[in-house]
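J.: let's see this in three dimensions:
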Amino acid sequence: MAKIDVAANQNEDTLKLMVSRMKRRLDKIHEGGGKKRIEKLHSKGKLTARERVNLLIDPNTETVEIGAFAGYEMYEEHGGCPAGGVVVVLGYVSGRLCVIVANDATVKAGAWFPITGKKNLRAQEISIENRLPIIYLVDSAGVYLPMQDEIFPDKEHFGRIFRNNAKMSSMGIPQIAAIMGSCVAGGAYLPIMSDESLIVEGTGSIFLAGPYLVKAAIGEDVDKETLGGATTQTEISGVVDYKMPDDETCLATIRDLVSQFGHEQRAGFDRIESVEPKEQKKDFYHYFPADRANPYKMRELLKYLVDDSKYTEYKKDYGKTMICAYARIDGWSVGIVANNREVTKSATGEMQFGGVIYSDAADKASRFIMNCNQKKIPLIFMHDVTGFMVGKRSEHGGIIKDGAKMVNAVSNSTVPKFSIVLGNSYGAGNYAMCGKAYDPRLIVAWPTAKIAVMGGAQAAKVLMQIQVASMKRKGAEPTAAEQKAIFDKISAKYDEQTTPYYAAARLWVDAIIDPMETRKVISMGIEAANHAEVEKFNVGVIQT
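T.: Purely as a prediction, here's the structure:
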């Protein structure tokens, strides 16, 4: 009788439950504003944002959705904003990898919340960094007026999108916009600042001010179609380039336009024929520990992700809490920087905790990152890090200097960087491992991820001690039970703020993914990055 591995089964059950919970939440998000609003849209002869995207992309091809959890559990007092009210997808159109941005008119008529603007800017950033064509499917009532002060005037607000339109045009990045519904006020500039624009007859309209505002401003009575419908804007004003009879024809025309784009010079990242990992995918869920406090062997985990389960490790016996390795993922040559969660011993016999960056590990990673830049190899960062080592010995050994060296190398790296947050991503460890602030081309999280300045228990203890000390200074002496109640309250709030859903809602990560999708996300990310040439690498001043 075969021996039952209880721990492996527990790992599998826990991870599968987490993935299942994520997918259920995604299913709800994909409904947008709900079934009734979808039916109302259909009754007008319009497709939903997701239906439009699905018709636009090539059948049976891979996609990566960006920011599906944007706005998750935010703006509840305003009725919510599923997916930030806009669908952003990295997908193939007529064989060309494109960024697609589609307003969801079932969510507050496609109005722009603060997170909507942030998500649109992220879509443009991906297009700019990778020099990918971008397609806008516009159907929006404009800025959500009750929150206009949080979306309108600042540098990274609504107006930045039109500035980016102009900059992208000057860079030669193709932009196509389809007016498939309302397009009003400042939002009218986006399609017209694109290279080419299309409008759907009967449902699409574009104007700086709608009929009610025109009446209020100048006393003129005019209907929507006469003011800015398809006939007006294609035959009279000439503002729009193509008039389309329906959504389907509009999307087919976009596909035709994209099929005729010329080809840019590629970056030249190396790729050979892809080989599936030798380790069986079905066993993958067995391996990742259900209890995040348990150590595991990152080297074994990598075998589930890299081609043929093979990699060449750099400085294997030095800086053991960091794994640096050359490998291939879906045929692409990559350099992997991964936190080792095993408890190890240094060359001097010192015990080293897994997931912590020591001076030697930071030094090794810095050198490896520079080597990958020298050889034009994309970098993959696998996060499960609690931070840099603290204490007298570390400070005397120059941990700040070595940490700064690694942060410098990451900051100045010019090859594309991709971050996968598997487990913890705390404090300066998040920065050194190419957190959001360090311009990863894509940053995604597994459902097991935790992102914060420090772990929940540690943060709660620190904050509790501060609060208790403050109470004592005021003459109060909290009991043990009161201290526990304070700790539990702080801990619960902090734990909520460290979840991947909290991070994804605010676009600190681009997506939460099933671990099984990791290879696909990395591969499509590198393919996108291969469209943009790599700048010369220069790290500036580094202390040694």
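
J.: starting at the chain centroid, how far to stretch 43-58?
T.: Stretch 43-58 sits 23 Å away from the centroid of its parent chain (Cα atoms, centre = their mean, to the nearest Å).

J.: state the mean pLDDT of that stretch.
T.: Average pLDDT, stretch 43-58: 97.

J.: equivalent analysis for stretch 285-303, please.
T.: 87.

J.: and it, how far apart are its ends?
T.: Across its full length, stretch 285-303 reaches 13 Å between end residues, using Cα to Cα, to the nearest Å.

J.: buried ones in that stretch?
T.: Buried positions in stretch 285-303, judged by neighbour count with 16 or more other Cβ atoms under 10 Å: Y285, H286, Y287, F288, P289, A290, R292, Y296, M298, L301, L302, K303. In short, each C-beta sits where N, CA and C put it, glycine included.

J.: repeat for stretch 5-22
T.: In stretch 5-22, the ones that count as buried by 16+ other Cβ under 10 Å are N11, E12, T14, L15, M18, V19, M22.

J.: try stretch 50-65
T.: For stretch 50-65, using 16+ other Cβ under 10 Å, the buried residues are R50, E51, R52, V53, L55, L56, I57, T63, V64, E65.

J.: isn't the fourth one up against V86?
T.: No: look at V53 against V86 with Cβ atoms under 8 Å: they stay out of range, at 10.8 Å.

J.: give me the common contacts of these two.
T.: By the contact definition Cβ atoms under 8 Å, 6 or more residues apart in numbering, V53 and V86 are jointly contacted by A102.

J.: what sits up against the stretch of helix or strand D488 belongs to?
T.: In this structure, D488 sits in helix 480-497 according to DSSP states H and E. By Cβ under 8 Å, 6+ apart, the residues outside helix 480-497 that reach it are A452, G456, A457, A459, A460, K461, L463, M464, Q467, V468, P478, Y502.

J.: list the buried residues in stretch 216-233.
T.: By neighbour count with 16+ other Cβ under 10 Å, stretch 216-233 contains the buried residues L227, G228, G229, A230, T232, Q233.

J.: report the contact partners of the first one.
T.: Residues counted as contacts of L227 (Cβ under 8 Å, 6+ apart) are S205, F207, G210, P211, V214.

J.: can I get those in a markdown table including neighbour count, distance to I176 and pLDDT?
T.: Below are the contacts of L227 laid out as a markdown table (neighbours: other Cβ atoms under 10 Å; distance: Cβ to Cβ, whole Å; pLDDT from 0 to 100):
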| residue | neighbour count | distance to I176 | pLDDT |
| --- | --- | --- | --- |
| S205 | 23 | 19 | 93 |
| F207 | 22 | 20 | 90 |
| G210 | 18 | 25 | 81 |
| P211 | 18 | 28 | 85 |
| V214 | 16 | 29 | 85 |
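
J.: just the residues you listed: which are in strands?
T.: S205, F207 (DSSP state E).

J.: how about low-confidence regions in the chain?
T.: Applying pLDDT under 70 to the chain picks out residues 1-4, 282, 456, 540-544.

J.: one step back: now the element after the helix holding D488, going C-ward?
T.: Trace forward from helix 480-497 with DSSP H and E and the next one is helix 500-505.

J.: so how far is N164 from the most far-flung residue of the chain relative to its centre?
T.: Going by Cα atoms, centre = their mean, the residue of the chain most distant from its centre is G475, 48.1 Å out. According to Cβ to Cβ, to the nearest Å, G475 and N164 sit 57 Å apart.

J.: again with G95
T.: Applying Cβ to Cβ to G95 and N164 gives a distance of 26 Å.

J.: the two: who's more crowded?
T.: Per other Cβ atoms under 10 Å, whichever of G95 and N164 has more neighbours is N164, with 22 against 11.

J.: find the residue closest to the more buried one in space, skipping its chain neighbours.
T.: Q124 (4.6 Å; Cβ to Cβ, 6 or more residues apart in numbering).

J.: which strands and helices lie in contact with the strand or helix carrying the one you found?
T.: Element membership for Q124 (DSSP H and E) is helix 114-130. Secondary-structure packing of helix 114-130 (3 or more Cβ pairs under 8 Å, 6 or more residues apart in numbering; DSSP states H and E): strand 64-66, strand 86-93, strand 96-103, strand 134-140, helix 159-171, helix 518-529.

J.: how far does the next helix or strand along the chain from the longest one sit from the chain's center?
T.: Moving toward the C-terminus from helix 159-171, the first helix or strand encountered (DSSP H and E) is strand 175-184. Here strand 175-184 shows a centroid-to-chain-centroid distance of 24 Å under the convention Cα atoms, centre = their mean.

J.: elements contacting the lengthiest helix in the chain?
T.: Longest helix in the chain by number of residues (criterion: DSSP state H): helix 6-30. When contacts are defined as 3+ Cβ pairs under 8 Å, 6+ apart, helix 6-30 packs onto helix 284-287.

J.: neighbouring contacts of the helix it packs on?
T.: Here helix 284-287 has contacts from 5, 8-9, 11-12, 15-16, 296, 300-301, 304, 515-516, using Cβ under 8 Å, 6+ apart.

J.: again, only this time at 7 Å
T.: Identification of contacts with helix 284-287 by Cβ atoms under 7 Å, 6 or more residues apart in numbering yields A8, N11, E12, L15, K16, E300, L301, Y304, P515, M516.

J.: ditto for stretch 34-51
T.: Taking contacts as Cβ under 7 Å, 6+ apart, the residues outside stretch 34-51 that touch it are 30, 32, 87, 102-106, 137, 180-181, 202-203, 246-247.

J.: just the buried ones from the residues you listed?
T.: 30, 32, 87, 102-106, 137, 180-181, 202-203, 246-247.

J.: from these, which is closest to A428?
T.: Nearest to A428 among those: V87, at 34.6 Å, using Cβ to Cβ.

J.: for the closest one, list each beta-bridge partner.
T.: A102 (DSSP bridges).

J.: and it, how far from I206?
T.: 20 Å.

J.: for the nearest residue to G229 once chain neighbours are set aside, which residues are in contact?
T.: Excluding its sequence neighbours, the residue lying closest to G229 (Cβ to Cβ, 6+ apart) is S205, at 5.4 Å. The neighbours of S205, taking Cβ under 7 Å, 6+ apart as the test, are S182, C183, K224, G228, G229.

J.: cool, and C372?
T.: Counted by Cβ under 7 Å, 6+ apart, C372 has contacts G335, L379, V415.

J.: out of these, name the ones that lie in helices.
T.: Among the contacts of C372, no member lies in helices (by DSSP H).

J.: pull out the buried residues from those.
T.: Counted by 16+ other Cβ under 10 Å, those give G335, L379, V415 as buried.

J.: is it true that the second one touches S413?
T.: Pointing back at L379 there. Yes: using Cβ atoms under 7 Å, L379 is in contact with S413, at 6.5 Å.

J.: what residues are shared contacts of these two?
T.: Residues touching both L379 and S413 (Cβ under 7 Å, 6+ apart) are I369.

J.: could you say which helix or strand holds A325?
T.: Using DSSP H and E, A325 falls in strand 322-329.

J.: measure V6 to E279 for me?
T.: 21 Å.

J.: kindly apply the preceding question to D360 instead.
T.: 29 Å.

J.: please apply the same query to G262.
T.: Taking Cβ to Cβ, one finds G262 at 41 Å from E279.

J.: same deal with Y502?
T.: Y502 sits 32 Å away from E279, taking Cβ to Cβ as the criterion.

J.: I'd like to know which elements the helix or strand harbouring G423 is packed against.
T.: Assigned by DSSP H and E, G423 belongs to strand 417-426. In this structure, strand 417-426 packs against strand 379-385, strand 442-445, strand 450-452, helix 518-529, with contacts taken as 3 or more Cβ pairs under 7 Å, 6 or more residues apart in numbering; DSSP states H and E.

J.: out of these, nearest to Q352?
T.: Of the helices and strands packed on strand 417-426, the one closest to Q352 (Cβ to Cβ) turns out to be strand 379-385, at 13.2 Å.

J.: contact partners of the following helix or strand past that closest one?
T.: Proceeding N to C from strand 379-385, the next assigned helix or strand is strand 387-388, under DSSP H and E. Under the contact criterion Cβ under 7 Å, 6+ apart, strand 387-388 has outside partners V356, I357, I399, G403, Y426, G427, A428, G429.
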